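> What follows is a predicted structure for the sequence shown.
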Number of protein chains: 2
Amino acid sequence: MSAKQGNSIDKHAEASLANLERIFTLPEGADSTLMRLDREISENLAGFLRERIVAVEKDLAEVEQDFAESRLPEQPRFVAEQVEFLLEKLVAHSVHTAAPSFIGHMTSALPYFMLPLSKIMIALNQNLVKTETSKAFTPLERQVLGMLHGLIYEQDDAFYEQWMHNPDGHLGAFCSGGTVANITALWVARNRVYGPRPGFRGIAREGWLRALRHYGDEGAVVLVSERGHYSLSKAVDVLGMGRDDLIAIPTDGANRIDIAALRQRCQQLKQQNMRIMAIVGVAGATETGSVDDLQALAAVAKEYAAYLHVDAAWGGPTLFSNRYRHLLAGIEQADSVTIDAHKQMYVPMGAGMVLFKDPQAQQAIVHHAQYIIRKGSRDLGSSTLEGSRPGMALLVHSGLHILGRQGYELLVNSGIERAKAFANLIKADSHFELISEPVLNILTYRLCPQALQHWLQGADPEARRQANLLLNRLTRQLQKTQRERGRAFVSRTQLNPERYQRLDTLVFRVVLANPLTTDAILQQILQEQWQLAQEPQFAEMWQQLTALSALPLPGP
Amino acid sequence: MSAKQGNSIDKHAEASLANLERIFTLPEGADSTLMRLDREISENLAGFLRERIVAVEKDLAEVEQDFAESRLPEQPRFVAEQVEFLLEKLVAHSVHTAAPSFIGHMTSALPYFMLPLSKIMIALNQNLVKTETSKAFTPLERQVLGMLHGLIYEQDDAFYEQWMHNPDGHLGAFCSGGTVANITALWVARNRVYGPRPGFRGIAREGWLRALRHYGDEGAVVLVSERGHYSLSKAVDVLGMGRDDLIAIPTDGANRIDIAALRQRCQQLKQQNMRIMAIVGVAGATETGSVDDLQALAAVAKEYAAYLHVDAAWGGPTLFSNRYRHLLAGIEQADSVTIDAHKQMYVPMGAGMVLFKDPQAQQAIVHHAQYIIRKGSRDLGSSTLEGSRPGMALLVHSGLHILGRQGYELLVNSGIERAKAFANLIKADSHFELISEPVLNILTYRLCPQALQHWLQGADPEARRQANLLLNRLTRQLQKTQRERGRAFVSRTQLNPERYQRLDTLVFRVVLANPLTTDAILQQILQEQWQLAQEPQFAEMWQQLTALSALPLPGP
């Protein structure tokens, strides 16, 4: 019976649904499947993930068949039945992101305490948009933002005493992730750069057309290195500038923004009467982990009176490390900084933050309503892009207190040092080629025998190009095969290394944030890749590479 | 020792932190405070909330003192210590949103099964931005979107077979909440209305200035009733139009958009060479629960070739009810619809959705990157405003299956019918005045004795204005006092009722979504308000009202 044809609710259903309110008042029995799972996760998370997720990958098209029904379920279903379905069809075919050999993306293991604390957060079901639905969560969130602000900007105690809980100011905003954080930062930048002045009520009120007319600009741009995160391109689109107005500046050999090229481009744009609205520094590039020279960026931003934002979604927690925080020197000169707590602060998915140097900066985006976030209220919703939001700050607060700065430093340091160790492993292995040296805990490499590396550098351009295409096919196919076998996972991306005349080069990308990843596991990942490369599916690629290079390659 | 002064990690700390990895491998002991809480929540959520949250409100300024430290904790802290802190300082002073007498906002009770299922979601820590970190969660999310699409648009099976899992199309997007959903919808609207055509690569590439020049428009506007949600004002600001370009259209006596006024305004704007970019229908106004005449709106949108979005963040689930879905008739003509699962689908905070009629609509905002969401991939991140996102779809899927359409219908019906019952209670009580009749499950009222109501309608304008200001003070103070006493919570907002010549009128706002709210509780809330109004703090207001009206008012 479809929703359209049926009576409102048939009699049979009415009887069985009459006590629907039970689902709000009666917990699942202690012996139910769901409660057994609940305990299993509490007592042995690693075991739960290891046993419930199948290792070998099922083709996604096949998985889709389990989710093919498009009609709404008409009748209720027993919780146990739904749980069995989820275990078999969903959990089994999800990704073991916490596995120490899952080193391909930025999602990794969680400290145990995060799970029961998440349950408290969900049980309370607070909504941070307003104090009437969050009370103590509001000052807690403000405190967390204050602490992170201090990590970056190191203002004195008097500053935080004045601003941390001041409803007229904001030290930052929580958001669902780094993308919303970056959009929020550039939204603030835009509304400040094109703020109100006599004869103009500001871009927030009047929009782009009048803003450009009033300020006499031909257009406005945001500049970032070619390693900038794709969320920035989304941001300029959303904010009404157009993606062409995100200017990608080339990088040096270490994937850092080329400061001379940036300055030159700024000069050129100025001559075209374009406003340098913002410059974005990258502190932990998604693909390579590289960090721009933030001091130099700040100087350029100052020179062009541009807003400076630093996207430290990944690299921000490096500041916890007294040993490595110098890598981000200059970050305190940024007008705003993005940090994701669900990355290197080991909080579950959905916790981004943007911090603003100036506690008044968010005034540029403030908004009010009659029933909440009224003027003068302490409601956090008045200065965030999002409306209703969960109490994720509880988890960030707990991470900060249970681990302490020293705990986070240890995690940060060990990630960076493990990356260096892995880079050494790769360099010592004649089958592999390190493409980008790790600065933080991210590196890229590919399978490319040493002899071939030498040959490539001396080869004529066309032969090099062809060999490189073959190597790209090899990388793509190897990465996919390894993922499907389910023992390990590295991701892949495309870089344009200087040493190969910036040819499009596919590489394995490795993110070392899981403290349980050992050197032995890294060694095994290389071994598996090499073994896989001997399989018949790769024979043709090796033959063609041999034919091109005339080298006795060790392929199959 | 501050973070700046200390050595990287002092020796003592190094020793005690050496086994930091234990927090990733060893669960809390079964007898730890945290695990006891974990069980307490599983076994008796209602008891946990009742006992752990203190009823009487502590002043927020006082609460802030517990979150006053701005310096990062240097040393790690025991989990138990943090949990004690959270219980005493945070949980105790959070809001009991699940209480049946908490009827002031849209956050209410959760079905029991949502908690352990959330724990599974968090334990898996999937990231929906890409299939490499979500696998089966991607088809699951697509299925949920398909089902909701079907609830609104009722396309045939062949349509869903073609589109539900088609990487070249999207039936909608999950997002953190209704605000991001509304922004996404208007982002799509903007990019489609100002799409690419010969000589112009589209607003997404070239921005507002060139878009308006190319299309020859003086500007662009979005129209919505004065009851539209404040997120729309944020949306037009973010999207670069300016808040002035959100045109608020007056409403009729039932808080529905005045269609004649809308048409007149469109005509006027057209004459000014303004583009009617989008019209937004309200299906469940945040303040009054009212629903626009969506059929009529669709006709106007068609007339002006405007994009039609319906903000059904609140009212969308009314479609589950065969008895009441007619209230949203015409919604199937909308280009897009916002629905929040964390509202009337009883999912924890952080689950919004936007559905698009045309599976190709989201192409207008598609973006790619090299390491994920590559062209041709099934990665959902290519067409969402957000990047990394949690697997909330698991909870929506479970709600849909465990409750079924019939279960949701029962919840929706009982909310609507309880609101009608409450409206009758208010009307029958000579101390209160119903301000807006419930259409769905939201109503507004105030304390205003019947004699005073009659007097107000006949009073001279100045006396009426003064009395109304006094009533506003009364409403504000009563709402605050009742909240602080902790037995019940209604919210307040400001309306401009026709019957009082559109004077600014403060009202109590009630949202009846908790199935555990009984008529008896509603009766008690009225009684408490009346009793509170007899307290000395209100004596002066009553005296002034008596002086103005010369009525023997029943105040203290």
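Nice, thanks for sending it over.

> Can you spell out which helices and strands pack onto the one helix or strand A:Leu452 maps to?
Taking DSSP states H and E as the definition, one finds A:Leu452 inside helix A:450-458. Under the contact criterion of 3 or more C-beta pairs under 8 Å, 6 or more residues apart in numbering or on different chains; DSSP states H and E, helix A:450-458 touches helix A:461-485, helix A:539-549. For glycine as for every other residue, the C-beta is placed from the backbone atoms N, C-alpha and C.

> so which of those helices gets nearest chain B?
helix A:461-485 (7.2 Å; C-beta to the nearest C-beta).

> Skip ahead from that closest one and say which helix or strand is next.
Helix A:461-485 is succeeded, C-terminally, by strand A:491-495 (DSSP H and E).

> if we can go back for a sec, tell me the buried residues in the helix holding A:Leu452?
Going by neighbour count (16 or more other C-beta atoms under 10 Å in any protein chain shown), the buried part of helix A:450-458 is A:Leu452, A:Trp455, A:Leu456.

> what does stretch A:242-252 give?
By 16+ other C-beta under 10 Å, the buried positions in stretch A:242-252 come out as A:Gly242, A:Arg243, A:Asp244, A:Asp245, A:Leu246, A:Ile247, A:Ile249, A:Thr251, A:Asp252.

> Turn those into a markdown table, columns for distance to chain B and secondary structure.
Listed next are the buried residues of stretch A:242-252 as a markdown table, based on distance: C-beta to the nearest C-beta, whole Å; DSSP: H, G, I helix; E, B strand; the rest coil:
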| residue | distance to chain B | secondary structure |
| --- | --- | --- |
| A:Gly242 | 3 | coil |
| A:Arg243 | 5 | helix |
| A:Asp244 | 5 | helix |
| A:Asp245 | 6 | helix |
| A:Leu246 | 10 | strand |
| A:Ile247 | 13 | strand |
| A:Ile249 | 17 | strand |
| A:Thr251 | 14 | strand |
| A:Asp252 | 19 | coil |
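
> can these go into TSV with extra columns for pLDDT?
Listed next are the buried residues of stretch A:242-252 as TSV, based on pLDDT from 0 to 100:
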residue	pLDDT
A:Gly242	94
A:Arg243	96
A:Asp244	97
A:Asp245	97
A:Leu246	98
A:Ile247	98
A:Ile249	98
A:Thr251	96
A:Asp252	95
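
> hang on, the earlier thing: could the helices and strands packed on helix A:450-458 be laid out in a markdown table, adding mean neighbour count?
Output for the helices and strands packed on helix A:450-458, formatted as a markdown table (neighbours: other C-beta atoms under 10 Å in any protein chain shown):
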| stretch | mean neighbour count |
| --- | --- |
| helix A:461-485 | 17 |
| helix A:539-549 | 17 |
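
> now for these, which one comes closest to B:Ala296?
Among these, the nearest to B:Ala296 by C-beta to C-beta is helix A:461-485 (52.7 Å).

> now for that closest one, which elements pack on it?
Using 3+ C-beta pairs under 8 Å, 6+ apart, helix A:461-485 sits against strand A:442-447, helix A:450-458, strand A:491-495, strand A:505-511, helix A:519-532, helix A:539-549.

> and those as CSV, adding mean pLDDT?
Conversion of those to CSV gives the following (pLDDT from 0 to 100):
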stretch, mean pLDDT
strand A:442-447, 98
helix A:450-458, 94
strand A:491-495, 96
strand A:505-511, 97
helix A:519-532, 97
helix A:539-549, 95
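
> I'd like to know which of those lies nearest to B:Glu433.
strand A:505-511 (61.1 Å).

> elements contacting that closest one?
Using 3+ C-beta pairs under 8 Å, 6+ apart: strand A:505-511 touches strand A:432-436, strand A:442-447, helix A:461-485, strand A:491-495.

> now for the second one, which elements pack on it?
Counting contacts by 3+ C-beta pairs under 8 Å, 6+ apart, strand A:442-447 is packed against helix A:393-428, strand A:432-436, helix A:461-485, strand A:505-511.

> what about the longest strand in chain A?
Counting residues, the longest strand found in chain A (DSSP state E) is strand A:274-282.

> what about the helix or strand hosting A:Ile183 and chain B, touching?
Assessed by DSSP H and E, A:Ile183 sits inside helix A:178-193. Yes - with C-beta under 8 Å from any C-beta of the partner chain as the criterion, chain B is reached by helix A:178-193 at A:Gly178, A:Thr179, A:Val180, A:Ile183, A:Trp187, A:Arg190, A:Asn191.

> Nearest to A:Phe159, out of the helices and strands packed on helix A:450-458?
The nearest among the helices and strands packed on helix A:450-458, by C-beta to C-beta, is helix A:461-485 at 47.8 Å.

> show me what contacts A:Trp208?
A:Gly240, A:Met241, B:Gly207, B:Trp208, B:Leu209, B:Gly240, B:Met241, B:Gly242 (C-beta atoms under 8 Å, 6 or more residues apart in numbering or on different chains).

> Tell me how many other residues surround A:Ile373.
Neighbour count for A:Ile373, taken as other C-beta atoms under 10 Å in any protein chain shown: 22.

> Now do the SS call for it.
Secondary structure assignment for A:Ile373 (DSSP: H, G, I helix; E, B strand; the rest coil): coil.

> Against chain B, how distant is it?
Distance from A:Ile373 to chain B, counting by C-beta to the nearest C-beta, to the nearest Å: 8 Å.

> Contact partners for that residue?
A:Val129, A:Lys130, A:His367, A:Asp379, A:Gly381, A:Ser382, B:Tyr230.

> Tabulate the residues you listed (JSON lines), appending neighbour count, pLDDT and secondary structure.
Compiled in JSON lines, the contacts of A:Ile373 are given as follows (neighbours: other C-beta atoms under 10 Å in any protein chain shown; pLDDT from 0 to 100; DSSP: H, G, I helix; E, B strand; the rest coil):
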{"residue": "A:Val129", "neighbour count": "26", "pLDDT": "94", "secondary structure": "coil"}
{"residue": "A:Lys130", "neighbour count": "26", "pLDDT": "92", "secondary structure": "coil"}
{"residue": "A:His367", "neighbour count": "16", "pLDDT": "89", "secondary structure": "coil"}
{"residue": "A:Asp379", "neighbour count": "22", "pLDDT": "91", "secondary structure": "coil"}
{"residue": "A:Gly381", "neighbour count": "26", "pLDDT": "90", "secondary structure": "helix"}
{"residue": "A:Ser382", "neighbour count": "24", "pLDDT": "91", "secondary structure": "helix"}
{"residue": "B:Tyr230", "neighbour count": "20", "pLDDT": "95", "secondary structure": "helix"}
